[in-house]
Every structure is written in C-alpha cells, then in structure tokens.
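Let's see this in three dimensions:
(chains A, B, C and D)
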2 protein chains.
Amino acid sequence: MQETEPKTPQSAQGRTNQKLRTRVAIVSAAVELMRSGREVTMPEVAKAALVSEATAYRYFPDLASLLQESMAGEWPTPEQALRAVADSTDPVERVAAATEHLLRQVVAYQGATRAMIAATITRPEAAATRPALRIGLIDHALTPVTDAPGTDPAALVQLKRDLAVVMSAETLFTLTDLLHLDTEDAIASAVHTATTLTRAALGAGRT
Amino acid sequence: MQETEPKTPQSAQGRTNQKLRTRVAIVSAAVELMRSGREVTMPEVAKAALVSEATAYRYFPDLASLLQESMAGEWPTPEQALRAVADSTDPVERVAAATEHLLRQVVAYQGATRAMIAATITRPEAAATRPALRIGLIDHALTPVTDAPGTDPAALVQLKRDLAVVMSAETLFTLTDLLHLDTEDAIASAVHTATTLTRAALGAGRT
DNA sequence: TCCTTCATGAGAGCTGACTCTCATGACTGT
DNA sequence: ACAGTCATGAGAGTCAGCTCTCATGAAGGA
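Predicted coordinates for the structure are as follows:
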C-alpha cells in the first residue's frame, strides 16, 4: 500500500530531476549542519538549503526522517568501520572496535543525534528506521560467531539485544549527562561494558 | 549563592502556607496525570492544579524538574523496592530484582518518563537530578558487595556504570521502540543483561 | 484597620515541530 | 507555442516549552 523509495511530492513521476535536486539540496544542507555537531532544526536546514520549510516537510515527514537519511548517507558502512579489525576473528575485539566506532560517530554528530532522540522518544512509531545503523554494526562485528558453529542461537539473540542497548547514543548520553563522565571515559566505559557482555555470552555455558 | 530547598517565589519567606499549598497542588496534579501513564505537559498539569501555567513555572523552572520531584515522591525507596530480596546477600539476585523493579516503574510512568527524557536530552544541564533514582537502587542492590571486603574498587565503579546504562528508561525504550520487543520481553532482556554484567564483574579476576 | 508586600493570573511573545491552504510560476508534453 | 500540471513559497495556525510584564487582590504586619 505504499510507494517504496522516493516519497517526494506526487510520488515519483515527472519533474524527476527537479525533485531529486531539491531532495539532495535538503539532505546536503542537513549534512553540513550536522557536521558541526550542533543542534539541527528544520528551519535551519530549510534556510541553508534555500528551500521553504513547507517544502522540506514535503520531502521528509519529520525531522527524524531527515536526520536518519542524512546520517545514513554519511556513516561508514559496517565493513569500513571495522576495517581495522577485518582480519580478526575475535568477537570481543571486533565488538570493542564497533562500539568505539559507533560512539565516536555519535559524538561527532551529537547535536543531530540528540535532536533525533528528542523527536523520536515521544513518538515511538517514528523510530522505525533508527536501529539500522547499530544493528548493522553489531551483526558485522559478530560475523565470526554467526559463521562458526557451536554457539547457542538463543545466546546470540540475547547478546545482540545486550549490545543494542550498550552500543547506543543513549548509553553515551547516560554516561556523560547523568554520570558526568567526559567523552573519553564514557567511550571507554561503554567499550568495557560491551566487551564484558560479549565475553560472558561466548565464554561458556556452565551452570 | 543559592537557597537550598523551597525555591518558590521570593524564596522561603512569609506566606509560607500559601506557597506550600500551591506547590503541593501542582505536584499532586502532576502525580495524578503521571499515574495514567500518558504524556504529561505543563499546560495540562497547570489546568489540573487550578493554577496558571506561569505559576507552575514559578515553582519549577522546567517540566523536567516538576516530573523529577513528582516521581521521586512516588517511587518506593530502594529499601522498599528490594524488600523481596532484603534477606539475600547475592548481588546477582539483588541486581535482578532492582532492574525489574526499575523497569516496571518506568513502564508505569512511561509517558512522564518519555517527556522527561525529551526535555532533558537537548539540555544536558537540566539532567542533573535525574540519576538519583537508579543510582540509589544500584547502590542498595550492591550493598552486600560494598560491605564485604575483597572486591576490586575499580571493578565496582565500572559495574555501577554498566548498571547505570542498563537499568534505565533508555534501555526499556531501546528494546521496545527500536527492537520492537513487548514490555515483558524487554524487561526480561534487561534483567538478563544486568545479571550478566554483575556476574561477570564479581565472578573473578582471571586474566 | 490600613498599608505594604507579594503570590498569582492573564496574556503577549519567542522558538521549534508540524499541518494546511492558496497563489505563482516553472516545467512538460502536445 | 500553449496549456495544464504540479513543485514551491508564503504565510497562517496549532501545540508545547518557556520567558516576561503588568495589574490585581489577598495575606500579614503595624
């Protein structure tokens, strides 16, 4: 019951280039603003894109969608992110690298990420596309486990949930805003938490 | 350079009863609305308290403060929360109980909690008083460890950070909104994560 | 009892997330 | 080259979080 990709005005028909140009302009403006790390608002993006706010909303139903698409285009793929540990088959090491990468990205796009959480927390439905990034990273970090035999599938599912909670912007903000850790300590803490969970899950099945 | 407790209009001086009544009316209204689990807004609270919005803001600088104080007054103390495991000296068991309790409270006051996170995520400074609840619970759950000798202090600090991340509304919402778990599965998952971390931290110090 | 103090209400104002309408004019196919 | 389509802009409007001002009237002290 839905168009798939370009849900721009009048859904994918005629005047395609114009629409594409507009969409790109909006996303580019958003990306540029995001890179500053500051908060990103619709009015700001629209102004920077030389587009009216109304038009921006015609291309993206809400701020979250815009930020989501803009970030997705900027973030390295899981492969690129984990290039440093590409040769490693040690899940613990890979998860550590993935966690650190994820959190450093969040720090870099902190303002946009906060805006996204704010826009999403009171409308859970709008969060549908959010998990893509972390899930991709988690899965890729755990490929050595997934490929190899001998791991309890249920344990793997649980580990992924554990990591989805820990490898997150929410974790970063909990550590910095609530516990007042500085960025580096927060990242170190999260990495430690993630590796602990991974080690525990893959360690053994005694008792 | 600051008054300590009742930072009501004209800080604690004359007309004390009137001010107390007003403050209580506002908090009561907030509590009543919170109990419904629905979102809580300043205009709603003010109307329910038969007070103007301006007055509400005179007593509480922002929504977060109001919700914080209102929730704090409603939540069981750590002792009450962990009564069921009061006799237990097993940190794992106690942490499990604490986590489940915490998350069930969050579920009960879901709307207010979401509003609080929304109000807090884009203004980290305003989050100052938030961690009180979970930290209190965590500390109380870990008393058997704290009291007893033989645990690496650094490991304890790290465990508390781990748990501060996992025993949180953010965790619940990550699991329900992003991973689409239902409430019970989400709680079970978080409890599992918390116990895993506790067991790992207190298990031993090998390698 | 009078008078000062001060809590409060009413309401305007500002920002941001959205929504909706209406007129314009650029683009496209004929 | 004309005409109809449709992306877009402008702007008004709603709601919530907040801030600020001004007038009022009740509480409390003298």
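
Please count neighbours and contacts with C-alpha atoms only from this point.
OK.

now the helices for chain A?
With DSSP state H as the criterion, chain A has helices at A:16-35, A:42-48, A:53-59, A:63-74, A:78-81, A:91-108, A:110-121, A:132-141, A:143-147, A:153-166, A:169-173, A:183-203.

what does the fourth one rub up against?
Outside of helix A:63-74, the residues that reach it under the criterion CA atoms under 8 Å, 6 or more residues apart in numbering or on different chains are A:27-28, A:30-31, A:41-42, A:60, A:112, A:115-116, A:119-120, A:126-127, A:129-130, A:133.

before we move on, what about the shortest one?
Applying CA under 8 Å, 6+ apart, the set of residues contacting helix A:78-81 from outside is A:86, A:98, A:101, A:136-137, A:140.

what about 6 Å?
A:Leu137 (CA atoms under 6 Å, 6 or more residues apart in numbering or on different chains).

again, but for the second one
Residues external to helix A:42-48 that are found in contact with it (CA under 6 Å, 6+ apart): A:29-30, A:52-53.

Looking at those residues, which is nearest DNA strand D?
A:Ser52 (3.8 Å; CA to the nearest atom of the strand).

Please tell me the pLDDT value assigned to that closest one.
The score at A:Ser52 is 97. That number is its pLDDT.

That one: how many residues sit nearby?
15 (other CA atoms under 10 Å in any protein chain shown).

can you tell me which residues contact it?
A:Ala46.

same deal with A:Pro144?
A:Thr89.

what does chain A have sitting close to DNA strand C?
A:14-18, A:40-43, A:53-54, A:57, A:61-64, A:115, A:119 (CA under 7 Å from any atom of the strand).

now the residue in chain A positioned nearest to DNA strand C, nearest residue through space, not along the chain?
DNA strand C sits closest to A:Thr41 of chain A, with a gap of 3.3 Å, by CA to the nearest atom of the strand. In this structure, A:Thr41 finds its nearest non-sequential neighbour in A:Leu63, 7.4 Å apart by CA to CA, 6 or more residues apart in numbering or on different chains.

Ok, A:Ala190 next?
A:Val166 (6.6 Å).

Sort out which residues of stretch A:132-139 are buried, please.
Of the residues in stretch A:132-139, those with enough neighbours to count as buried (16 or more other CA atoms under 10 Å in any protein chain shown) are A:133-135, A:137-138.

Would you mind pulling the contact partners of that stretch?
With CA under 6 Å, 6+ apart as the test, stretch A:132-139 has contacts from A:Pro78.

Can I get that stretch in CSV, CA atoms only?
What follows is stretch A:132-139, C-alpha atoms only, in CSV (Å, rounded to 0.1, in the frame of the first residue of the first chain):
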residue,chain,number,x,y,z
ALA,A,132,19.6,0.1,11.2
LEU,A,133,23.0,1.6,12.0
ARG,A,134,23.8,-0.2,15.2
ILE,A,135,22.2,-3.4,14.2
GLY,A,136,24.3,-3.5,11.0
LEU,A,137,27.4,-2.9,13.1
ILE,A,138,26.6,-5.5,15.7
ASP,A,139,25.9,-8.1,13.1
